[in-house]
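1. predicted coordinates and the sequence they were generated for:
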Amino acid sequence: MGSSFGEVFKISTFGESHGGGVGVILEGCPPRLELDLKKIQEDLDRRKPGQSKITTPRKEDDRVEILSGLMENKTLGTPIAMMVRNKDQRPEDYKDLQVAFRPSHADATYHLKYGIQSRSGGGRASARETIGRVAAGAIAKQLLAKVNNTEIIAWVRRIHTIEAEINPVAVTLDNVEANIVRCPDQAVAALMQERIEAISREGDSCGGVIECVVRNSPLGLGMPVFDKLEADLAKALMSLPATKGFEIGSGFGGTLLTGSEHNDAFIPTPTGSLKTATNNSGGIQGGISNGEPILLRVAFKPTATIRKDQHSVDAQGNAQIISAKGRHDPCVLPRAVPMVEAMVALVLADHLLRQQGQCSLF
C-alpha cells in the first residue's frame with residue numbers, strides 16, 4: 001500500500017516526521033551476513049538534520065535501535081527491524097496547516113485523497129521517512145560489497161545554476177565528505193555553499209542535481225521488459241521526496257547524438273569479459289547490467305517550505321496567505337546524497353537476490 005519496496009530484499013518504512021519515531025522492517029536479507037553497525041549509523045549521520053549551517057537547525061541524534069534480526073552482529077535471515085526515535089519535535093510550528101495548504105507540499109493532495117492529513121510537518125511525505133531507507137540501504141551496501149566488492153558513491157553535481165564537471169571514475173567518499181555541500185570539487189563546493197546561504201537569507205530555497213556511480217556492479221542484474229534495472233532505479237529514486245527528474249548514462253544529452261556517436265562499441269579484452277569503449281548506456285543495456293559503471297543523475301526541486309509569503313487556500317477553498325514557521329533545509333541536496341545511495345543499493349541488492357533465485361540452479 002505504498003510504504004513497501006522490493007521483491008526479495010524488501011523494506012517497509014513507518015512513522016511520521018513529528019510522531020514518536022520512524023523506522024524500517026527489512027525482510028529477505030540473507031542469513032550470516034556480518035554487519036558493521038557503525039556503517040549504518042554513519043550513513044544516518046550523513047542524512048540527519050542540524051549537521052551544518054546550510055541544513056535545517058532541527059536537532060536530532062538519529063541514533064538507530066536495531067530491534068530484531070541480528071545475533072552478535074550477524075543477520076539471522078529473519079526480519080530486521082530498525083527504529084529512530086524523534087526527539088526535537090515542535091508541532092506548534094505547523095499550526096498554520098489547520099487553516100491553509102502549503103504550496104507544492106503534500107498537504108492538499110493528502111487531504112483530497114484521505115480526507116485527513118498529519119498537521120505536524122509533512123507526515124509520511126516528510127524527508128524524515130527516509131531514515132528507514134538509509135538504514136536498510138546501509139545493510140544493502142554491505143551485502144553488495146561482500147558479494148561483488150560493489151561501491152556506490154553519490155555527490156552533488158549542481159546547486160541552482162552552479163555545476164561541477166566531475167569525473168565519476170575518480171570520485172571518492174573522502175572527496176565527497178570533505179565539505180558540507182558534498183560536492184567533490186572543493187572550489188565549486190565553496191561557490192555552491194555561498195549560493196545556498198545567499199538564497200536562504202532571502203527566505204527562499206534552491207534545488208539541483210545529484211549524480212551517483214556504481215562501481216563493480218554485479219553482472220546480469222535486471223529483468224526483461226517491465227523489471228528492467230534502470231526502470232526500477234528510476235522508480236526508487238523518484239520515490240524520494242522532492243525529486244523531479246531521472247537520467248541514466250547519457251540521459252537527455254544522448255538525444256543530441258547520432259546512433260554512431262552514441263553506440264557503445266565492444267572492445268576485445270585478454271580475459272574475454274564484456275568491455276565497451278564508451279559508456280553512454282550508463283552500465284545497463286537491454287535493462288540488464290553489463291559490468292560497466294552504472295552512472296545516473298537525479299534532479300531535486302527547491303525546498304517547498306520557504307519563509308516568504310505565499311498565496312494559498314484552506315480546505316473550503318478560501319484565499320489565505322501563508323509563510324513557513326518550521327525548521328527546514330534551504331536546499332535538500334547535501335542531506336539527500338546518502339538517500340540516493342541507499343535507494344540505489346536497495347534496488348541492486350533486490351535484483352542480486354532475484355538473479356540468484358532465477359539463474360543459479362544450472
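-> Received it, and whenever you're ready, just let me know what you need.
2. any idea how far Glu42 is from the closest residue to Thr150 other than its chain neighbours?
-> Closest residue to Thr150 apart from its sequence neighbours, by Cβ to Cβ, 6 or more residues apart in numbering: Leu144 at 3.8 Å. All C-beta atoms are positioned from the backbone trio N, CA, C, and that covers glycine. Using Cβ to Cβ, to the nearest Å, Leu144 is found at 16 Å from Glu42.
3. could you do Glu129 as well?
-> Applying Cβ to Cβ, the value for Glu129 to Glu42 is 20 Å.
4. have a look at those two and say which one is more surrounded.
-> Using other Cβ atoms under 10 Å as the criterion, Glu129 and Glu42 rank with Glu129 on top: 22 against 13.
5. quick one: what helix or strand has the residue sitting furthest away from the middle of the chain in it?
-> Residue farthest from the centre of the chain, counting by Cα atoms, centre = their mean, is Pro270 at 37.5 Å. Per DSSP states H and E: Pro270 is located in neither a helix nor a strand.
6. got it, and Gly132?
-> Following DSSP H and E, one finds Gly132 within helix 130-148.
7. quick check: buried residues in that helix?
-> Using 16 or more other Cβ atoms under 10 Å as the test for burial, helix 130-148 gives 130-145, 147-148.
8. check stretch 284-302 too.
-> Buried residues in stretch 284-302, defined by neighbour count with 16+ other Cβ under 10 Å: 284-285, 287-290, 292-302.
9. over to stretch 19-28?
-> Neighbour counts using 16+ other Cβ under 10 Å place 19, 22-28 of stretch 19-28 among the buried residues.
10. from these, which shows the smallest pLDDT?
-> pLDDT across those is lowest for Gly19, at 84.
11. filter the buried residues of stretch 19-28 down to just the ones in strands.
-> Under the assignment DSSP state E, the buried residues of stretch 19-28 contribute 22-27 to strands.
12. JSON lines please, covering those residues and showing distance to Met343.
-> Converted to JSON lines, those look like this (distance: Cβ to Cβ, whole Å):
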{"residue": "Val22", "distance to Met343": "16"}
{"residue": "Gly23", "distance to Met343": "17"}
{"residue": "Val24", "distance to Met343": "13"}
{"residue": "Ile25", "distance to Met343": "17"}
{"residue": "Leu26", "distance to Met343": "14"}
{"residue": "Glu27", "distance to Met343": "17"}
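13. isn't Asp350 right up against Ile11?
-> No - taking contacts as Cβ atoms under 8 Å, Asp350 lies outside contact range of Ile11: 9.2 Å.
14. more neighbours: which of these two?
-> The residue with more neighbours, out of Asp350 and Ile11, is Ile11; 26 against 23, by other Cβ under 10 Å.
15. got a list of what that one touches?
-> Ile11 makes contact with 4-5, 24-27, 132-133, 136, 346, according to Cβ atoms under 8 Å, 6 or more residues apart in numbering.
16. can you do 10 Å?
-> Listed by Cβ atoms under 10 Å, 6 or more residues apart in numbering, the contact set of Ile11 reads 3-5, 24-29, 80, 82, 132-133, 135-137, 139-140, 342, 346, 350.
17. ok, Lys146 next?
-> Contacts of Lys146 by Cβ under 10 Å, 6+ apart are 30, 33-35.
18. now swap in Lys113 and tell me
-> Under the criterion of Cβ under 10 Å, 6+ apart, the contact list for Lys113 reads Ala106.
19. which SS state does Ser312 fall under?
-> Under DSSP: H, G, I helix; E, B strand; the rest coil, Ser312 falls in the strand class.
20. centre of the chain to the longest helix that the chain contains, how far?
-> The residue-count maximum for a helix in the chain (DSSP state H) belongs to helix 333-359. Chain-centre distance of helix 333-359: 10 Å, with Cα atoms, centre = their mean, to the nearest Å.
21. go on, stretch 276-289?
-> Per Cα atoms, centre = their mean, the displacement of stretch 276-289 from the mean C-alpha position of its chain is 22 Å.
22. equivalent analysis for stretch 201-219, please.
-> Computed by Cα atoms, centre = their mean, the separation of stretch 201-219 from the middle of its chain amounts to 8 Å.
23. ok, and for it, which residues are buried?
-> Within stretch 201-219, the residues that count as buried by 16+ other Cβ under 10 Å are 205-215, 217-218.
24. show me the shaky parts of the stretch 101-250 of the chain.
-> Within the stretch 101-250 of the chain, the segments meeting pLDDT under 70 span 119-121.
25. tell me where it has helices.
-> Here the stretch 101-250 of the chain has its helices, by DSSP state H, counting those that start in this stretch, at 107-114, 130-148, 173-176, 186-201, 229-238.
26. give me the buried positions along the first one.
-> Under the neighbour-count criterion of 16+ other Cβ under 10 Å, helix 107-114 has 107-108, 110 buried.
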